[in-house]
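Novice: from the sequence below, what's the structure:
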Amino acid sequence: MNPNKPLVARNIIPQCQKCNRGDRNRWVYDEKGRVIKLADANFVKNFDKEVREIIYRILYKEFNGKNPNLKK
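Specialist: Residues are numbered from 1 along each chain as shown. Coordinates of the predicted model:
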């Protein structure tokens, strides 16, 4: 479910090889097997430019065009 945590009974979702290959430890899942976040946000760098621009617009709007790492 979360590739950043150990492989224990509560942290695995049985998948066939074909389904597991596509995920490659990129996602974190909830207890029902739904994707809830990226395991490593740097994975976004692998998306094509159009997708990255869409993500940028969403985050730009969410943070009102301000860097969320800068303190007020």
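Novice: use CA for all of it now, contacts and neighbours both
Specialist: Fine.
Novice: how far away is residue 7 from residue 40?
Specialist: 17 Å (C-alpha to C-alpha, to the nearest Å).
Novice: could you do residue 56 as well?
Specialist: 17 Å.
Novice: name the residues that touch stretch 31-45?
Specialist: 1-4, 13, 25-30, 52 (C-alpha atoms under 8 Å, 6 or more residues apart in numbering).
Novice: for it, which positions count as buried?
Specialist: By neighbour count on 16 or more other C-alpha atoms under 10 Å, the buried set for stretch 31-45 is 38-39.
Novice: quick one: mean pLDDT over that stretch.
Specialist: Predicted confidence along stretch 31-45 averages 87 (mean pLDDT).
Novice: format the CA atom coordinates belonging to that stretch as PDB.
Specialist: Provided in PDB are the C-alpha atoms of stretch 31-45 (Å, rounded to 0.1, in the frame of the first residue of the first chain):
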ATOM      1  CA  GLU A  31      -7.100   0.300   2.800                       C
ATOM      2  CA  LYS A  32      -9.600  -0.100  -0.100                       C
ATOM      3  CA  GLY A  33      -6.900   0.000  -2.700                       C
ATOM      4  CA  ARG A  34      -7.500   3.500  -3.900                       C
ATOM      5  CA  VAL A  35      -4.600   5.800  -4.800                       C
ATOM      6  CA  ILE A  36      -4.300   8.600  -2.200                       C
ATOM      7  CA  LYS A  37      -0.900  10.100  -3.000                       C
ATOM      8  CA  LEU A  38       2.400   9.700  -4.800                       C
ATOM      9  CA  ALA A  39       5.000   7.700  -3.000                       C
ATOM     10  CA  ASP A  40       7.700  10.100  -4.300                       C
ATOM     11  CA  ALA A  41       6.600  13.500  -5.600                       C
ATOM     12  CA  ASN A  42       9.700  13.600  -7.900                       C
ATOM     13  CA  PHE A  43       7.800  11.100 -10.100                       C
ATOM     14  CA  VAL A  44       5.900  14.000 -11.500                       C
ATOM     15  CA  LYS A  45       9.100  14.900 -13.400                       C
END
